[in-house]
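# Predicted model, plus sequence, below.
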Amino acid sequence: MSLTKGLVAGAAGTVALNLTTYGDMLLCGRGPSDVPTQVADRFVDRAGIGLGDEETGRHREEAVGALLGYLTGLGVGAAYGLLRRRRGALPDWVAGPLLGAAAMVSSDLPATVLGVTDPTSWDRTSWVSDLVPHLVYGFATASVYEALR
């Protein structure tokens with residue numbers, strides 16, 4: 001039951017993250033990040049998987065990148081549900097930032113390891129554009145999990 005609650009909470013957090021990200025794109029007039037697509041490209045290249053011709057392959061890479069984001073959000077939520085069962089409750093003001101940090105590391109670390117991005121070179125705007133949606137994810141995930149209890 002904790003796993004299911006964690007998955008549902010992670011799904012809600014993922015929706016909140018996406019709403020925040022797209023809202024930021026709308027307000028700032030910026031385009032979408034190509035990092036998820038580049039990560040997918042590096043993954044499939046290293047795995048030796050062909051995704052089709054150039055155009056079809058690019059579309060599939062975009063899909064894989066988006067799906068990896070959903071898997072991250074669901075996975076962090078599921079892990080939280082399992083940990084909560086063993087560890088007990090944390091206040092949302094503690095759990096929210098921890099979950100946001102876990103989701104951020106889970107998405108940024110593979111991109112960094114694969115050489116797609118280098119967070120040490122990010123400017124303040126880039127950090128805020130990455131940090132805020134992940135914090136929203138964390139608070140939404142923690143709040144929904146608590147509401148399901």
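Perfect, thanks for sending it. Residues are numbered from 1 along each chain as shown.
# Can you list the buried residues in the host helix or strand of residue 13?
For residue 13, the host element (DSSP states H and E) is helix 2-28. By 16 or more other CB atoms under 10 Å, the buried positions in helix 2-28 come out as 2, 5-14, 16-18, 20-21. For glycine as for every other residue, the C-beta is placed from the backbone atoms N, C-alpha and C.
# go on, stretch 107-124?
107-108, 110-111, 114, 116-117.
# Now secondary structure, distance to residue 144 and pLDDT too, for these, in TSV please.
Putting the buried residues of stretch 107-124 into TSV (DSSP: H, G, I helix; E, B strand; the rest coil; distance: CB to CB, whole Å; pLDDT from 0 to 100) gives the following:
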residue	secondary structure	distance to residue 144	pLDDT
107	helix	20	95
108	helix	23	96
110	helix	25	94
111	helix	26	95
114	coil	31	94
116	coil	30	95
117	coil	29	94
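# still on that earlier bit, now do the same for the helix holding residue 13: mean pLDDT, whole number.
The pLDDT scores in helix 2-28 average 96.
# Summarise which helices and strands it is packed against.
In terms of contacts (3 or more CB pairs under 8 Å, 6 or more residues apart in numbering; DSSP states H and E), helix 2-28 is packed against helix 54-87, helix 92-113, helix 124-148.
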